[in-house]
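[1] Turn this into a structure:
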Amino acid sequence: MDTRKKIPRILFAGANSGCGKTSITCGVLKALCDRGITIQAYKCGPDYIDPMLHTHITGRQCRNLDPFFSTGDDLRHLMAKDSADADFTVAEGVMGYYDGIGVSSEKSTYTVSVETDTPVILILNVKGMAHTMIPLIKGMIEYRENPVAGVILNRCSKGMYQMMKAEIEKRLPIKVVGYFPPREGIHIGSRHLGLMTAAEISNLDEVIRVLGETAREGIDLDEILRIGSEAVPLPGMDKPAVPEKKRARIAVARDKAFCFYYQENLEILEQMGADLVWFSPVNDRQLPEDIGGIYLGGGYPETYRKELSENEGMRQSIRAAASAGKPIFAECGGFMYVCDNLIETDGTSMPMLGLIHTDVQMTSRLSMDFGYVTLTAGRDNPFMREGDRIRVHEFHYSTARDRGNAAVMEKSTGRRWEGLYSQDRILAGYPHFYFHNCKALAERFVDMAAEFSAVAGLSDN
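    Predicted coordinates for the structure are as follows:
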């Protein structure tokens, strides 16, 4: 029996970072949603911020498609699973189309497009160009066998577009499906870790409205839908069941300071029997009641360090939870929060939770250890077994005085260093984990929370 399902879809890929992928993707998402089309959005790579924007526009949780964390089969199944009840699927690439690990094209947006058989729309920043667009596009589409089907000219005037569309289509086997003109009021602000989060943009709805209007005026949405409709079917996949009876409540930090979570991570915890409850380390004075564990994700604790430091009620509540034996999983921003002190670039220091005895200092430059990393556990701990190898990701503008020695990190270049703390029932460090490729770790986390809940008599709550 053929279980393959028709999933109309396209992927926006850029010639380089900063070419306008996010603005154009957001504009198209808004324009299609305004037509009443149900859109499932995806972001390629280890990104948290763009998915927040996509989710805000579509009203559906954006997902990540990351070929470093996932096999080709995984990518196809993830896309089919979450797009099954949508009318159309839109994925946004990361960096340049062929930019992957190191200087290779391995594990790139190109990889995602090929593995999922998704038609690609290239986005090219053509400011200051005319005929030169043609050899650039030609090189992009001929470099490798790929599913590129169209191109959008960004920062292009209407007059230039009208002239270049015919010229490009005459010389190259590609459709020019639109343009985006330079326009005031459509800039999404940025900071050291990337774009500003959806919650931080005060005029976000107005920015999105203008992006959608610009997309309607300059992009042939019908042609994009047509191209997407020609995508080959994907293997059908049902969503995993979530047990009705929960084994434990896990408190998940979610506010402006802690907002970097893969949706897949949260759902995997739920599939393993966790009841996730949200709390704010910035605004709440204590943890939610009857919890068996705590998940502190990444984000911007440095931006809200004063509020975090002065919230003594929450700090005491989390310390008490740790002392009682509740498991704590803290990654990147969460790691910074569980440390002794958070030090700014100017040397000013504020105390954090003090559960891990090291200080973290902000830096003006991105850590040299950023990017994809393979973690190898150096010894058994409550979350991992000695020798476990897990693919993770690091990206931080800070450095810890001591990173911990529970695991060895290794990049594709061969660069190695020790990192990660395993202390009592706390796992903390810079790495971001993707639970789809380390389900045993996620299950042990839920198991520990369930064990604590059972001993404390919380499991029936």
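
[2] What mean pLDDT does stretch 407-426 get?
    Per-region confidence: stretch 407-426 scores 94 on mean pLDDT.

[3] For the remainder of this discussion, apply numbering that starts at 706.
    In the new numbering, first residue 706, that becomes stretch 1112-1131.

[4] Pull the distance from it to the chain's centre.
    With CA atoms, centre = their mean, to the nearest Å as the basis, stretch 1112-1131 stands 21 Å off its chain's centre.

[5] would you put the C-alpha positions of that stretch in CSV?
    C-alpha atoms of stretch 1112-1131 as CSV (Å, rounded to 0.1, in the frame of the first residue of the first chain):
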residue,chain,number,x,y,z
ALA,A,1112,32.2,15.4,28.0
VAL,A,1113,34.7,16.1,25.2
MET,A,1114,33.5,18.3,22.3
GLU,A,1115,34.9,17.9,18.8
LYS,A,1116,34.4,19.9,15.7
SER,A,1117,34.7,18.6,12.2
THR,A,1118,38.1,20.4,12.0
GLY,A,1119,39.4,18.1,14.8
ARG,A,1120,39.4,20.9,17.4
ARG,A,1121,38.6,19.4,20.8
TRP,A,1122,37.9,20.7,24.3
GLU,A,1123,36.3,19.6,27.5
GLY,A,1124,32.9,20.9,28.4
LEU,A,1125,29.6,20.2,30.1
TYR,A,1126,28.8,19.8,33.8
SER,A,1127,27.2,16.8,35.4
GLN,A,1128,26.7,17.5,39.0
ASP,A,1129,24.2,15.6,41.1
ARG,A,1130,21.1,15.7,38.9
ILE,A,1131,22.1,18.8,37.0
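
[6] Any buried residues in that stretch, and which?
    Using 16 or more other CB atoms under 10 Å as the test for burial, stretch 1112-1131 gives 1112-1114, 1116-1117, 1124-1128, 1130-1131. Bear in mind the C-beta positions are built from the backbone N, C-alpha and C, glycine included.

[7] Show the model's pLDDT score for L900.
    pLDDT for L900: 53.

[8] same check, this time on D1107
    D1107 is given a pLDDT of 92.

[9] OK, contacts around it?
    Applying CB atoms under 8 Å, 6 or more residues apart in numbering to D1107 gives the contacts 1062-1063.

[10] In a helix, it, correct?
    No - D1107: not assigned to a helix; according to DSSP: H, G, I helix; E, B strand; the rest coil it is coil.

[11] Narrow the buried residues of stretch 1112-1131 to those in strands?
    1112-1114, 1124, 1126-1128, 1131 (DSSP state E).

[12] what's the longest helix in the chain?
    Using DSSP state H, we find that the single longest helix of the chain is helix 1144-1161.

[13] How about that helix, which residues are buried there?
    Counting neighbours by 16+ other CB under 10 Å, one finds that the buried residues in helix 1144-1161 are 1146-1158.
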